[in-house]
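Whatever this is, show me its structure:
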Amino acid sequence: MILSAFLLSILSYLTGSIPTGYILFKLKEKKDIRAFGSRSTGATNILRTSGPALALLVLFLDVAKGLLPALLAKEIISSPALGLGCSFLAAVGHCFPVFLGFRGGKGVATSCGVLAVYSWPSLLICGLIFFFIVLITRIVSLGSLTASLLIIPLIYLFHHDPELMAVTSLFTLLIWLRHRDNLRRLWRGEENKIGKKIKVSN
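Here you go, the predicted model:
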């Protein structure tokens with residue numbers, strides 16, 4: 001049990017560490033996505049630099065990086081807390097990937113994959129709020145930050161699960177930590193909006 005839990009924890013982190021955005025952008029543009037825009041490997045930065053088609057593919061794969069370890073942990077490990085821990089490690093891997101010198105994405109899409117397994121009603125409501133805010137303001141980071149704050153009360157409303165609430169709080173903390181630069185730009189009124197294209201050509 002201890003060995004399988006340890007191996008699954010490592011596997012979860014390594015799965016999250018697969019730099020999908022970096023790899024796909026590198027294949028298409030022959031450049032490092034972290035040199036442009038927000039310097040993140042996530043779908044939003046891919047959207048601004050390479051367009052919606054690649055961004056949707058990156059989004060799908062980043063969600064899967066959270067979804068698959070969460071499903072695996074839920075099926076294999078009898079301890080819900082351990083399963084949640086493995087799911088969180090997948091998000092940590094996405095944000096701090098060992099394969100990219102610990103410089104990765106913001107953790108939102110991968111966290112959504114985990115929520116899809118443990119609390120799809122919370123994910124649905126947060127998703128609607130995210131899209132409403134982005135529709136009104138055209139600022140993705142504002143939608144992500146707001147939605148992440150609402151996850152904790154929604155988990156309490158739907159589940160009353162202390163372990164799930166504790167791990168969800170860590171997800172929210174991780175997302176806000178990774179959005180430090182966005183928060184500074186939001187405060188200064190300089191945050192990028194959807195529709196602004198960033199050139200990557202020499």
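
which residues touch Thr168?
When contacts are counted by Cβ atoms under 8 Å, 6 or more residues apart in numbering, Thr168 touches Ile151, Ile152, Ile155. For every residue, glycine as well, the C-beta is placed using N, CA and C.

Where does pLDDT dip in the chain?
Applying pLDDT under 70 to the chain picks out residues 1-3, 77-79, 195-202.

So in it, which helix runs the longest?
With secondary structure taken from DSSP state H, the chain has its longest helix at helix 52-76.

contacts for the helix or strand just after it?
As assigned by DSSP states H and E, the chain's next helix or strand after helix 52-76 is helix 80-95. For helix 80-95, contacts defined as Cβ under 8 Å, 6+ apart pick out 5, 8-9, 12-18, 62, 65-66, 69-70, 72-74, 77, 104-107, 109-111, 113-114, 117-118, 161, 163-164, 167, 170-171, 174, 178.

Mind putting the contacts of Thr168 into TSV with neighbour count?
Formatted as TSV, the contacts of Thr168 follow (neighbours: other Cβ atoms under 10 Å):
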residue	neighbour count
Ile151	23
Ile152	17
Ile155	23
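
Would you mind giving those as TSV with secondary structure and distance to Arg39 added?
Output for those, formatted as TSV (DSSP: H, G, I helix; E, B strand; the rest coil; distance: Cβ to Cβ, whole Å):
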residue	secondary structure	distance to Arg39
Ile151	helix	25
Ile152	helix	28
Ile155	helix	31
